[in-house]
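**Q** here's my sequence, what's the structure:
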Amino acid sequence: MAAMTSLSPEKTLKNPSAVERWFQISARGSSIGQELRGGMVTFFTMAYILALNPVVIGTAADSRGNLVSGAPKYTDAAAGIVDQAAVNHSMAMVAAATALVAGVSTLLMGVIGRFPIGLATGLGLNAMCAYVIAPNSTWPRTMGMIVIEGIIITLLVLTGFREAVFRAVPRELRVAISVGIGLFITFVGLVDAHIVTPGSGTPVQLGLDGSLGTTPQLVFVIGLLILLFLYVRSTRGAMLIAIIVTALIGVLVQAVARIPATLGDGTTNPAGWALNVPAWPGVSAFTVPDLGLLGRVDLVGAFAAADGRFTLASVLGAVMMIFSLLLADFFDTLGTVVAVGAEGGILDERGEPPHLRGILLADSLAALLGGLGSTSSSTSYIESTAGVAEGARTGVASIVTGVLFLLAIFLSPLTNMVPSEAVAPVLVVVGFLMMQQVGEIDWHHLVDAIPAFITIVLMPFSYSISVGIGAGFVVFIALKIFHGKARHVHPLMWVVGALFVVYFASDVINRAISGAA
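**A** Residues are numbered from 1 along each chain as shown. Have a look, this model is predicted:
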C-alpha cells in the first residue's frame, strides 16, 4: 500500500471527458465499476447509523422532558410512563433526517472533496448530545451548539488553519494513526457482531460466557469465511458479494429460527441479532418520511442555562462543550482521511491526499448540516476504508454512497434487512489490511516509536480515534522535550498539544466552572 506520489501519465486519457478531468478516475487507477462497488460497500458498512442514531437521538429527553421531535416523552413523567407512540414517531423522524443529512454530506464530499469517504452522524458525538448536553438544556439549543461548532470548523478550513495542522503532523504519527484505526475498526466489527462482549470479571470476553454459541455469531463466522475465501482468490467485488450473501443467509436463518429481539420480560435478547433483524420487510419496503426536524435550532439559547438565563457558568459550559465537539470532530477526520488515503494509495509524497481543502471543507459543512438537521454532528466515517479496499479511489464512490443514503430515506425497511453480522467481517478484514502499514514505523527510534505505540493502542482501548491521536501528540511533544529536541516540534503541534491537554482535563475544568458559579 505505497503512497501514490503523482498521477501516472500512462493512466491519463488523451481526450478525457469532463467527469474524468474532475474526478481523475483513470489517473487514480480506478474505473466506474470499481467506484460503484466501492461506494456500495461503504454504504452498507455505514448503514447501521440509520438504525442506531434514532435509538440515541430519537429516544432521549431534554431538560424539559421533550423528545427531539418536540413532543413530551412521558404521558406521566412522575410515574415514568413513556408515550411510546411519541417515541416511535421521534425515532422515525431522526431516521429520515439522518439519511438525508448523510446523503447530502456524502454528495458534497464526492463533488467538492473528490475523495472516497462517506459522512453521517458521528457516534460518540450523538451520545454526547443525547446524554450530556440535551438533559441539561433543550434539543434546539443542543443542535444550536452543533451548528456553531460546524460554523467554527468551516471557518478554520477557509482560513487554512485546518490544512496547516494536517501538514504539521509528523509522518510516524500519521502511519500510527492509520494502523490504530485499523485495530479500532476491527474491534468495532467484533463488538458489532457480539464476538467480543463485556466480560464477567474481565473488561471483555469472547461471545457469551467465553464461547461462540449463538446463531447470529455463526452467521458472522460464515460471512467471514466467505469473505476470506473470496479475498485470497482476488475475486472482484469480494466485499460486496460477502455482505449480500451473508445478509441473505441471515434472512433465511431468521425465517427458520425466528430469533426474538427481546425476551419475555422485555429485555434485549443477548443471543439475538446485534442490531438489525434480517427479516423481509413485509407488505411494503417503501416509507413516507417526516422531515420535520430540519431547522430546529436555537443558536443564542445554546449559551443559556436550562431555565433560559444567561450566566457565566452557562456560557463557559457551552464554550467547553463546543470546544470538545470541535476537537473530537477535527481530529477524527484527520485520522480518517489519513487512513483512507493510505489504504487506497492516494497520498502524495508528503502523505497528503489530493484536494485536501475540498475534503476538509466538505467534512466541516457536514457538521453544520448535522446540526441543522437535528441529527447531531456529521463526520467522515472510517468505515469508508472498506469501500477503498473494494476499489474506490475517487469522489464518484462517495456520490454512489450519497445517492444510496438518499434512497434510504424512502427504503429504510430494505436497508434494515442487512444485519451487523453481515457487515462486521468486512471491518475485520479491512483492519488487517491497514495493520500492514505498521512496518513503516521505525520501532528502534524510541522518541518516535513510543508516541506511535500510544496512538495505536489507545484508539481501540479507549474506543476513540481522537483520544488516541491526542495522547500520541502529547507524548510525542513530551519525549521531544526530554530528548532535547523541542525545537524540532512544529509550532502548530505545540498549539494542538496544549488544546488536547485542555480536552483531557475538560471534566475537571467543567466542575471548576460549575463550582465557581
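**Q** scan this structure for its longest helix.
**A** Ranked by residue count and defined by DSSP state H, the top helix of the chain is helix 312-344.
**Q** can you tell me the average pLDDT over that helix?
**A** Per-region confidence: helix 312-344 scores 83 on mean pLDDT.
**Q** how about stretch 18-38?
**A** Stretch 18-38 comes out at a mean pLDDT of 90.
**Q** what does stretch 502-517 give?
**A** The model assigns stretch 502-517 a mean pLDDT of 76.
**Q** give me the contact list for stretch 222-236.
**A** Outside of stretch 222-236, the residues within contact range by CB atoms under 8 Å, 6 or more residues apart in numbering are 37, 238-239, 241-243, 245-246, 249, 421-422, 424-426, 428-429. C-beta: built from backbone N, CA, C; applies to glycine.
**Q** try it again at 10 Å.
**A** By CB atoms under 10 Å, 6 or more residues apart in numbering, the residues outside stretch 222-236 that reach it are 33-34, 37, 189, 193, 195, 237-243, 245-247, 249-250, 253, 389-391, 419, 421-426, 428-429, 432-433.
**Q** just the buried members of the residues you listed?
**A** 34, 37, 189, 193, 195, 237-243, 245-247, 249-250, 253, 389-391, 419, 421-426, 428-429, 433 (16 or more other CB atoms under 10 Å).
**Q** re earlier: list the buried residues of the longest helix of the chain.
**A** Buried, per 16+ other CB under 10 Å, within helix 312-344: 314, 316-318, 320-344.
**Q** repeat that for stretch 137-151.
**A** 137-151.
**Q** surely residue 66 and residue 139 touch.
**A** Yes: in this structure, residue 66 is within contact of residue 139 by CB atoms under 10 Å, at 6.6 Å.
**Q** joint contacts of the two?
**A** Common neighbours of residue 66 and residue 139 (CB under 10 Å, 6+ apart) are residue 90.
**Q** low-confidence ranges in the stretch 301-450 of the chain?
**A** 306 (pLDDT under 70).
**Q** can you pull out the strands in it?
**A** Applying DSSP state E, counting those that start in this stretch to the stretch 301-450 of the chain gives strands spanning 378-380.
**Q** read off the pLDDT value for residue 14.
**A** Residue 14 is given a pLDDT of 64.
**Q** what's the answer for residue 3, then?
**A** pLDDT, residue 3: 40.
**Q** can you check residue 68 too?
**A** 95.
**Q** how many neighbours does it have?
**A** 31 (other CB atoms under 10 Å).
**Q** leaving out chain neighbours, which residue sits closest to it?
**A** Leaving aside its sequence neighbours, residue 68 sits nearest to residue 139 (CB to CB, 6 or more residues apart in numbering; 4.6 Å).
**Q** my read: that neighbour touches residue 129, true?
**A** Yes: in terms of CB under 10 Å, residue 139 counts as a neighbour of residue 129; the distance is 8.6 Å.
**Q** what sits in contact with each of the two?
**A** 57, 60, 62, 68, 374.
**Q** between those, which is closest to residue 452?
**A** residue 57 (35.5 Å; CB to CB).
**Q** contacts only, for that closest one.
**A** 67-68, 90-91, 93-95, 97-98, 121, 126-127, 129-130, 134, 139, 142-143, 293, 374-376.
**Q** in strands only, show me those.
**A** Judged by DSSP state E, the subset of the contacts of residue 57 located in strands is residue 121.
**Q** now which of the contacts of residue 57 would you call buried?
**A** 67-68, 90-91, 93-95, 97-98, 121, 126, 129-130, 134, 139, 142-143, 293, 374-376.
**Q** where in the stretch 51-200 of the chain is pLDDT low?
**A** Checking the stretch 51-200 of the chain against pLDDT under 70 turns up nothing.
**Q** what ranges do the strands span in it?
**A** Under DSSP E, counting those that start in this stretch, the stretch 51-200 of the chain gives strands at 74-76, 81-82, 119-121, 196-198.
**Q** in the last one, what counts as buried?
**A** It stands for strand 196-198. Buried, per 16+ other CB under 10 Å, within strand 196-198: 196, 197.
**Q** tell me what that strand is packed against?
**A** Packing contacts for strand 196-198, counted by 3 or more CB pairs under 10 Å, 6 or more residues apart in numbering; DSSP states H and E, involve helix 171-192, strand 204-206.
**Q** show me where the stretch 101-250 of the chain has helices.
**A** 125-128, 139-158, 161-168, 171-192, 215-232, 238-257 (DSSP state H, counting those that start in this stretch).
**Q** wait, which of those is closest to residue 17?
**A** Nearest of the helices of the stretch 101-250 of the chain (CB to CB): helix 238-257, 25.6 Å.
**Q** tell me the mean pLDDT over the closest one?
**A** 92.
**Q** quick one, that helix and helix 215-232 angle?
**A** Here the directions of helix 238-257 and helix 215-232 differ by 150 degrees (axes from the mean of the first three to the mean of the last three CA atoms, to 10 degrees).
**Q** how far does helix 238-257 sit from its chain's centre?
**A** 24 Å (CA atoms, centre = their mean, to the nearest Å).
**Q** for that helix, name the packing helices and strands.
**A** helix 32-46, helix 215-232, helix 384-389, helix 420-435.
**Q** ok, now with 8 Å
**A** The helices and strands touching helix 238-257, judged by 3 or more CB pairs under 8 Å, 6 or more residues apart in numbering; DSSP states H and E, are helix 32-46, helix 215-232, helix 420-435.
**Q** got JSON lines for the ones you listed, with distance to residue 161 too?
**A** JSON lines is the format used below for these (distance: least, CB to CB, whole Å):
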{"stretch": "helix 32-46", "distance to residue 161": "28"}
{"stretch": "helix 215-232", "distance to residue 161": "40"}
{"stretch": "helix 420-435", "distance to residue 161": "28"}
